Structures are given as structure tokens and as C-alpha cells.
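**Q** How does the following fold in three dimensions:
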Amino acid sequence: MLRLILSLLFLAAFAFEGRAQIAQKEEVGFLYNRETTFNIRLATPRSFGFGMEWGRLRTYNKTKTLSLGISEMKHPKEQRQNAAPSSRRSSRPFVYGKRNSLFVLRSGWGLKRYFSEKAKQKGVAVGISYSIGPSLGLLKPYYLTLNLEGTSAGTGRPTAVKYSEKNHTDFLSNSKILGAAPFTRGFSEISVLPGGTGSIAYHMDWGAFDEMVKALEIGLTVDFFARKAPIFVNNDQNQRLFFNFFLNLQFGKRK
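**A** Modelled structure (predicted):
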């Protein structure tokens, strides 16, 4: 009889310990207070960026966020092309009529809200995320390599130049354009264009209870600036408001 009672007590203790471990796993979403992620962002049209996001977990389904990131902003009308056939051997593809490259430094305060409880370990938690905040447009002069002395694209002295009113004719002359100058040209001449940004996304979080964050966002970003961003020589092509769809990969850690 004593052996039976001891056996029952042992089984009960074992079962209680097992239920406690399961409950701990099911409520693990409450064990973390903060998360930090590194973001890799792909957006339309053909732009790339990266950034960081810091989150404070308020409840199992709500996380307040602070984000900071930078990415290149390409105009939908940017079309890369090659120079004249006689200069292709040493030329780089270029965008005709482009005067500045635009990079956007974004910051934002936001919220990440899940649709359902994080009920299963290793499960996928889905929800939405949104943010809004100030931004800075960084304008880097776009340099072209021009043939300023020769009479054809294959002769003369190649010279890297940026757009100005004085070289307007040469800068837009297909017969003188040898191609784009190296990407590094112009970083010491960056100017700033203030603006703002907002985004909304569908958020999917794999392993919602894991210490390591593995998430994917698919959404829309709206960027606006104080004036038209002078990407093109022709100001009629420029705009203040940009809409971009994006894919955002997040990797990080909770604690």
C-alpha cells in the first residue's frame, strides 16, 4: 500500500512538473522585455537598404518600436542604358538626365500588433506593424564621364563631371557621354533635404518564443519631402511624394 501511495505521489509530481514546463513554454512570450533586430530591406523600384529596430514588449501581442535605417531611393523613371558602341569597352551603364542620387535616412516610432496569441512554441505569429517619423533625404551629385574634347564618343579626354547650368548641353549629349563615373564620386558633396516617412506592413514572426528573432515584413512606405527631390535635370520629372512596396527581413535577439 505504501509503495502504491509513493508511486502515485511520484507520478503526480512528474505530471505537475510536466504541466509546469508546458505552461512556461506557452507563456514564454511574457519572459522577454526587449528585442533588437537588424533589418535588410528590398524595395521597389530596385532599391536596397538596411537598418536597426529596437522594441519594448508591452503585452503578448503588442510591441512598441523605434527604428533607424538608410536606403537608396530610385525614381520609377530611372532607366539604365549604355553609351555609344565605340565607348562601351571602358564605360559603365548610366541613367540619362539624372543629376542626383537620393538616399533616405529614416527614423520612426511605431507599434507591432499580433492578431492572435503566441500559443505554440516554434509557431508563426502574424500581425501588422506601422510607424511614422522624420527623415532626411541625402542628395549625392550624379557624375558622368564625358568626352569634352573629342568630336566622337571614342576620342578625346574622359572627364568626370556633375551637372550644372554651364554644362547642361554636354551633360545631356549622347555623343559625349562615355558612361557613369565611379559610384564613390560625390559623397563629399552631399546635401540634405528634410522630410517625413510612414509605413505599414504585414508582419510574420517565426519562432515567436525563441530568443532569436526571425521575421519577415511585406508592406508599403510613403516618403515625402519639403520640396521636389532634384533627381533629374528636368524638374517636371521630379516629385515630393514617393510610394514604395518593400520586403523587410529581420534578424535579432530578445532579452
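**Q** measure the closest residue to Phe94 other than its chain neighbours to Ser164 for me?
**A** Excluding its sequence neighbours, the residue lying closest to Phe94 (Cβ to Cβ, 6 or more residues apart in numbering) is Ala180, at 3.9 Å. Backbone N, C-alpha and C define where each C-beta goes, glycine included. Remark: distance between Ala180 and Ser164 (Cβ to Cβ, to the nearest Å) = 17 Å.
**Q** Quick one: residues contacting Glu165.
**A** The contact partners of Glu165, taken as Cβ atoms under 8 Å, 6 or more residues apart in numbering, number zero.
**Q** meant to ask about Ser129, not that
**A** By Cβ under 8 Å, 6+ apart, the neighbours of Ser129 are 65, 110-113, 199-201, 203, 217, 219.
**Q** Which one (most neighbours) among these?
**A** Of all these, Lys112 has the most neighbours under the rule other Cβ atoms under 10 Å, reaching 25 neighbours.
**Q** Give the next helix or strand downstream of the host helix or strand of that residue.
**A** Using DSSP states H and E, Lys112 falls within strand 100-114. For strand 100-114, the following helix or strand on the C-terminal side (DSSP H and E) is strand 124-141.
**Q** Ends of stretch 165-184, what's the gap?
**A** 23 Å (Cα to Cα, to the nearest Å).
**Q** if we can go back for a sec, I'd say the residue nearest to Phe94 and Leu144 touch.
**A** Yes. Counting by Cβ atoms under 8 Å, Ala180 touches Leu144, with 6.2 Å between them.
**Q** about what we covered before: have a look at Ala180 and Ser164 and say which one is more surrounded.
**A** A direct count of neighbours by other Cβ under 10 Å for Ala180 and Ser164 places Ala180 higher, at 20 against 11.
**Q** Quick check, pLDDT for the more buried one.
**A** Ala180 is assigned 93 on the pLDDT scale.
**Q** what sits against it?
**A** Counting by Cβ under 8 Å, 6+ apart, Ala180 has contacts 91-95, 142-145.
**Q** Let me know the closest of the residues you listed to Gly195.
**A** Gly195 has its nearest neighbour among the contacts of Ala180 in Tyr142, at 19.6 Å by Cβ to Cβ.
**Q** what pLDDT does the closest one get?
**A** 97.
**Q** how about the nearest residue to it, chain neighbours excluded?
**A** In space, Tyr142 is closest to Lys98, 4.8 Å off (Cβ to Cβ, 6+ apart).
**Q** do the same with Arg80
**A** Arg80's closest residue in space is Pro93 (Cβ to Cβ, 6+ apart), at 4.4 Å.
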